[in-house]
Every structure is written in structure tokens, then in C-alpha cells.
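Peer 1: Below are the sequence and a predicted model; questions follow.
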Amino acid sequence: MLRALGALGATLGAPALGAVRKVDFPDVLPNHPLVFPRDEGAHPAFRIEWWYITGWLGPQTRGFQITFFRARNEYATDNPSRFTPRQILFAHAALADPRVGHLLHDQHAAREGFTLAGADRDRARVWIDDWRLEQTEDGYRGVIPAREFALRLSFQSARPPLLQGDDGYSRKGPRAREASYYYSRPQLEVSGSIEQGRSRTPVRGRAWFDHEWSSAYLAPEAEGWDWVGANLDDGSALMAFVMRAKSGGVLYAGATLVRPDGLKRSVGPQAVRFVAQRRWRSPRTGVEYPVAMRVEVEGTSWNLEPLMDDQELDSRLSTGTIYWEGAVRVSRDRREVGRGYLELTGYWRPMTL
């Protein structure tokens with residue numbers, strides 16, 4: 001769902017040459033049907049977009065994250081140079097391995113063009129150098145040769161896309177334009193390999209895929225968000241989020257519950273709560289995160305406990321922020337019922353999307 005893009009304006013900047021003007025980004029509007037596979041691809045007119053896969057892998061229990069971001073420059077120019085940064089791409093990858101004890105992660109950033117970085121418009125295919133995420137006939141494929149690890153994973157799903165919110169129109173704030181187009185693919189079957197050092201291990205597991213695009217994702221009153229996407233053992237799925245207000249409390253919230261047969265129910269702001277159960281302070285940045293949570297949706301609660309506490313991702317070299325993105329176990333009545341990922345943003349500094 002919700003990616004940490006940080007201070008994009010400072011990253012992109014205004015073009016140095018040619019007549020320059022501010023871009024009018026299109027709004028996200030309700031009653032706009034998503035069309036597949038076309039909407040798996042990029043939507044370059046919108047300000048921000050991301051493709052995101054997280055999951056758990058075995059036989060040695062590990063979590064992983066692969067995220068590609070696209071950001072449109074807020075300035076338009078008549079400069080015809082191919083070096084003009086009209087679209088900027090970022091990528092984050094992470095591996096949560098309890099044997100290491102802290103998150104292994106890497107990041108890339110590049111302007112679109114010259115075949116070195118890009119995002120196709122008619123299907124999910126996005127890449128920066130030799131990092132790539134692409135759509136296949138029955139799912140997706142990710143290849144991430146990072147500095148301390150390498151992921152080569154395939155993802156399969158027999159289910160149609162899960163349209164979040166109101167048929168893909170997902171409100172994120174009190175104003176109608178504070179929204180994204182958003183769909184997910186929970187319960188992806190994963191196979192492939194992980195390389196760490198000289199070791200290459202075949203892995204299998206389960207993953208969650210999100211794709212969102214927007215022009216006004218974050219309300220000016222919002223500090224950041226807490227989000228969870230969880231694959232439950234009975235074949236059902238849970239997505240829930242709260243947008244936290246700078247003044248304290250919750251600015252907006254939402255959730256989606258999916259039954260094993262695929263039937264979904266969208267839940268409004270008043271019926272969603274995130275309650276911190278335990279906090280962890282990063283020894284590197286000093287930022288404190290509520291890494292163990294109780295999530296309540298319409299009176300039903302799930303407890304989230306991290307695979308390991310230290311899953312902080314410092315992306316100041318690419319998207320300009322620090323956030324916590326971690327593999328979590330999901331339990332009810334003290335019994336594990338699933339696994340997922342928890343994302344915590346805005347604890348370092350308020351987000352500035």
C-alpha cells in the first residue's frame with residue numbers, strides 16, 4: 001500500500017533550461033473503473049506511484065521487501081533534452097533475517113530513460129539498471145542483486161486483483177482528492193532463491209503485492225501512517241491503515257477484510273484502530289517505533305509481533321526518509337493465524353509527499 005517517498009520536491013528540483021511551469025497533476029476520482037492488465041502498468045501523469053511486494057520465505061524463516069517508486073517532476077519544461085528529469089524512479093529492497101539481527105537493505109535511484117531505468121505503461125514492468133520487477137503470464141518476477149543479498153523470486157496468483165476501498169478508489173484523508181487508486185494481490189505463492197555471501201538457498205513462501213498511484217496522497221494535517229497487509233492461514237486476508245495527525249490521534253483510517261472465497265468487505269474510518277503494544281528504539285537513528293501492535297477492525301482484533309525488532313530502513317539516499325517496514329506474525333487469542341508486513345512512517349519526521 002503506502003510507500004515512504006519523502007521530500008520528492010527537493011530530489012527532483014526544477015529543470016535548469018527551457019521555459020518552466022508547474023504541472024497540473026490529475027486528481028484521483030471515484031467511479032473510475034480500473035482495467036487490467038493495463039492498470040498494472042505505469043500512470044506517468046500522476047505525481048507518485050509504487051509497486052510493492054513483501055512476504056515470508058522458508059525453510060529458514062526470513063522476510064523480504066521489493067518496492068519500486070515512480071515520481072513525476074512537479075515542473076514541466078519545453079527542454080527537449082533526454083537528460084531532463086521528467087520521471088524519477090526509486091527502488092528499495094530489504095531482507096529480514098533473524099540470524100543477522102538487523103535489516104539488510106539497499107536502494108537505487110535514477111531518472112527514466114536511456115533504457116537504464118523505466119516503467120512500462122501497458123503492464124507491470126519497472127526497472128533500474130539490473131534491478132527489475134515485471135509481470136508474467138501467471139504473476140510477477142523480481143530480480144534484485146543487492147549489495148549484501150540477491151533475490152530471484154517468482155510470484156503466482158490464481159485470484160483476480162483485490163480492489164481496495166470503493167472499487168479501487170481508496171480515501172486517505174478527509175478530503176475527496178486525498179486518495180489513491182489502489183489494488184492488491186494477497187496470498188501470492190512465492191518460489192525462487194536468496195543469495196547471501198556464497199550461499200544460495202532455494203526458498204518458497206507467501207507474499208502480498210500492492211500497486212498505488214496518486215497526486216495528493218497525504219493530507220497536510222497528516223504526520224505519517226501505520227499500515228498492515230496480512231495473509232491469513234485460512235486463505236483470508238487483512239489490509240488496514242491509519243493516517244496519524246500531526247496534532248495527535250487519527251486523521252483517517254480504513255480496512256479491507258477478504259474471506260477465503262474472495263468476498264471482500266471495506267471498512268470505514270470509525271471502525272479501525274491501531275493500538276501500540278510495545279515500542280523499540282533504533283540504536284542508529286534514535287527513532288522509536290511501535291513495532292508490536294493490536295489492530296482492531298469492527299470489534300475483531302489481531303496482534304502483530306515482529307519477526308525481529310530491528311527492521312528500520314534508512315532511505316535518505318533515495319527517497320529522503322527513514323521508516324520501519326517489518327515482517328510480523330499475526331495472532332488471535334494467543335494463536336498464530338497468519339503472517340504479514342507492518343509499515344510505520346512519519347516517526348522520524350512528518351512525511352512530506
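Peer 2: Yep, it's here.
Peer 1: next SSE after whatever helix or strand residue 108 lives in?
Peer 2: Using DSSP states H and E, residue 108 sits within strand 104-111. Downstream of strand 104-111, the next assigned helix or strand under DSSP H and E is strand 117-119.
Peer 1: who touches the following helix or strand past that following strand?
Peer 2: Next along the chain after strand 117-119, taking DSSP H and E as the criterion, comes strand 125-128. Residues outside strand 125-128 that contact it (C-beta atoms under 8 Å, 6 or more residues apart in numbering) are 41-42, 51, 68, 70, 89-91, 108-110, 116-120, 132-135. C-beta here means a position set from N, CA and C on the backbone, and glycine is covered the same way.
Peer 1: Phi and psi next, for residue 40.
Peer 2: phi -70, psi -20 (degrees, to the nearest 10).
Peer 1: Spatially nearest residue to it (excluding sequence neighbours)?
Peer 2: In space, and not counting its chain neighbours, residue 40 is closest to residue 124: 4.1 Å by C-beta to C-beta, 6 or more residues apart in numbering.
Peer 1: and that neighbour, how far is that from residue 106?
Peer 2: 21 Å (C-beta to C-beta, to the nearest Å).
Peer 1: which one of the two has more residues nearby?
Peer 2: More crowded of residue 124 and residue 106, by other C-beta atoms under 10 Å: residue 124, with 22 against 19.
Peer 1: nearest spatial neighbour of residue 289, skipping sequence neighbours?
Peer 2: residue 324 (4.4 Å).
Peer 1: so who does that neighbour touch?
Peer 2: With C-beta under 8 Å, 6+ apart, residue 324 has these contacts: 287, 289, 291, 311, 312, 313, 342, 343, 344, 345, 347.
Peer 1: any idea of the mean pLDDT in the helix or strand containing it?
Peer 2: Element membership for residue 324 (DSSP H and E) is strand 322-332. Strand 322-332 carries an average pLDDT of 97.
Peer 1: Could you do stretch 248-261 as well?
Peer 2: Here the average pLDDT along stretch 248-261 is 96.
Peer 1: Give the buried residues for that stretch.
Peer 2: Across stretch 248-261, burial judged by 16 or more other C-beta atoms under 10 Å covers 250, 251, 252, 253, 254, 255, 256, 257, 258.
Peer 1: and that stretch, how far out from the chain's middle?
Peer 2: For stretch 248-261, the separation from the chain centroid amounts to 16 Å (computed by C-alpha atoms, centre = their mean, to the nearest Å).
Peer 1: And for stretch 337-351?
Peer 2: Between the centre of stretch 337-351 and the centre of its chain there are 10 Å (C-alpha atoms, centre = their mean).
Peer 1: OK, contacts around the closest residue to residue 296 other than its chain neighbours?
Peer 2: What sits nearest to residue 296 in space, not counting adjacent residues and going by C-beta to C-beta, 6+ apart, is residue 273, at 4.2 Å. Going by C-beta under 8 Å, 6+ apart, residue 273 touches 242, 250, 253, 294, 295, 296.
Peer 1: Give me the sheet partners of the host helix or strand of residue 90 and which way each runs.
Peer 2: Assigned by DSSP H and E, residue 90 belongs to strand 87-96. Strand 87-96 pairs in its sheet with strand 62-72 (antiparallel), strand 104-111 (antiparallel), by DSSP bridges.
Peer 1: Give me the mean pLDDT for that strand.
Peer 2: Averaged across strand 87-96, pLDDT comes to 96.
Peer 1: May I see the buried residues of that strand?
Peer 2: Of the residues in strand 87-96, 87, 88, 89, 90, 91, 92, 93, 94, 95, 96 count as buried by neighbour count, 16+ other C-beta under 10 Å.
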